[in-house]
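K.L.:
have a look at this prediction, sequence included:
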Amino acid sequence: MPLTSEYSQRERALVVTIIAMSIAVTSCGTIRTTGLSKRNAGTATIVRHSEIQLIAEWPDTAIVFDSVARAVAIRNAGEYNVALAVVRRERLEDATPPDALAHHDITEIYHIVEGDAVFVSGGTIVNGSEMAANSRGVRRIVGPSVRGVAIAGGRSIEVGPGDAIIVPPDTPHGFSRIVSQRIVYTVVRVDPLRRLPVTP
């Protein structure tokens with residue numbers, strides 16, 4: 001189905017999200033279709049648009065606000081966890097705060113909800129160091145990771161509402177420039193080593 005102008009932005013965004021999530025599921029292992037009726041296949045987890053909007057608008061003064069909406073255990077398809085987070089990044093005094101990360105174990109799938117930015121991936125993290133193992137970011141959000149001040153030699157691309165980005169483990173990535181006042185996106189985090197805690 002071509003994504004022409006006859007479809008609303010929300011419909012296009014939904015199609016992109018479904019495609020990205022399908023890729024995430026198939027990249028975590030082969031889906032077995034035989035004998036499903038004999039196993040407990042689990043149930044779907046729903047995160048409603050209203051909840052995503054509520055998190056995106058949460059009154060927090062942080063320049064980067066990253067909140068895990070759900071983290072679920074996937075038990076019958078290879079024993080891994082999947083988390084869904086909502087992230088809001090603000091410009092600071094007409095500048096983009098430093099953003100350069102690489103997560104050792106987590107695959108991330110971004111879906112841009114609001115705003116425009118320049119996303120960079122690959123290359124080398126400048127002045128990178130391991131995030132503290134006991135930090136909230138490592139324990140609850142992204143697992144063991146390297147953080148730096150910039151990315152040298154990466155590939156830059158402009159992104160905006162409806163775009164999806166897949167970031168494999170150990171890939172330097174970040175936003176080098178936020179064009180709008182802020183950017184809001186959801187992130188599906190595929191966690192094969194189950195480092196992120198499951199939420200109720």
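P.N.:
Done, it's in.

K.L.:
when you work out contacts or count neighbours from here on, use the C-alpha atoms and nothing else.
P.N.:
Noted.

K.L.:
please, which helix or strand holds the residue lying closest to T199 once chain neighbours are set aside?
P.N.:
What sits nearest to T199 in space, not counting adjacent residues and going by C-alpha to C-alpha, 6 or more residues apart in numbering, is A71, at 5.1 Å. Using DSSP states H and E, A71 sits in strand 64-74.

K.L.:
let's see the helix or strand that that strand is followed by as CSV, backbone CA atoms only.
P.N.:
Sequence-wise, the next helix or strand downstream of strand 64-74 (DSSP H and E) is strand 80-90. Taking Å, rounded to 0.1, in the frame of the first residue of the first chain, the C-alpha atoms of strand 80-90 are listed here in CSV:
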residue,chain,number,x,y,z
TYR,A,80,14.2,-11.6,25.9
ASN,A,81,12.7,-8.4,27.1
VAL,A,82,11.2,-5.6,25.1
ALA,A,83,10.7,-2.1,26.4
LEU,A,84,8.7,0.9,25.0
ALA,A,85,9.9,4.3,26.1
VAL,A,86,8.9,7.9,25.2
VAL,A,87,11.7,10.4,24.8
ARG,A,88,11.6,14.1,24.6
ARG,A,89,14.7,16.2,23.7
GLU,A,90,14.7,20.0,23.9
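
K.L.:
low pLDDT regions in this protein?
P.N.:
Within the chain, the stretches with pLDDT under 70 are 1-42, 60-63, 76-78.

K.L.:
show me where it has helices.
P.N.:
9-27, 49-56, 136 (DSSP state H).

K.L.:
residue contacts, the closest residue to G154 other than its chain neighbours?
P.N.:
Nearest residue to G154 in three dimensions, chain neighbours excluded: G123, at 4.0 Å (C-alpha to C-alpha, 6+ apart). The neighbours of G123, taking C-alpha atoms under 8 Å, 6 or more residues apart in numbering as the test, are I151, A152, G153, G154, R155, P172.

K.L.:
and F119, what is it in contact with?
P.N.:
So F119 contacts S156, I157, E158, V159, H173, G174, F175, S176, R177 (C-alpha under 8 Å, 6+ apart).

K.L.:
with T96 instead?
P.N.:
E90, F175, S176, R177, I178.

K.L.:
would you turn those into TSV with neighbour count?
P.N.:
As requested, those are exported to TSV (neighbours: other C-alpha atoms under 10 Å):
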residue	neighbour count
E90	21
F175	25
S176	23
R177	19
I178	23
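
K.L.:
now the two most distant members of these.
P.N.:
Farthest apart among these by C-alpha to C-alpha are E90 and S176. That separation is 12.4 Å.

K.L.:
where exactly do the strands run in the chain?
P.N.:
64-74, 80-90, 100-103, 107-114, 117-121, 124-126, 129-130, 145-148, 150-152, 155-159, 164-167, 173-178, 182-191 (DSSP state E).

K.L.:
single out the most deeply packed of those strands.
P.N.:
Highest mean neighbour count among the strands of the chain (mean count of other C-alpha atoms under 10 Å): strand 100-103, with a mean of 26.
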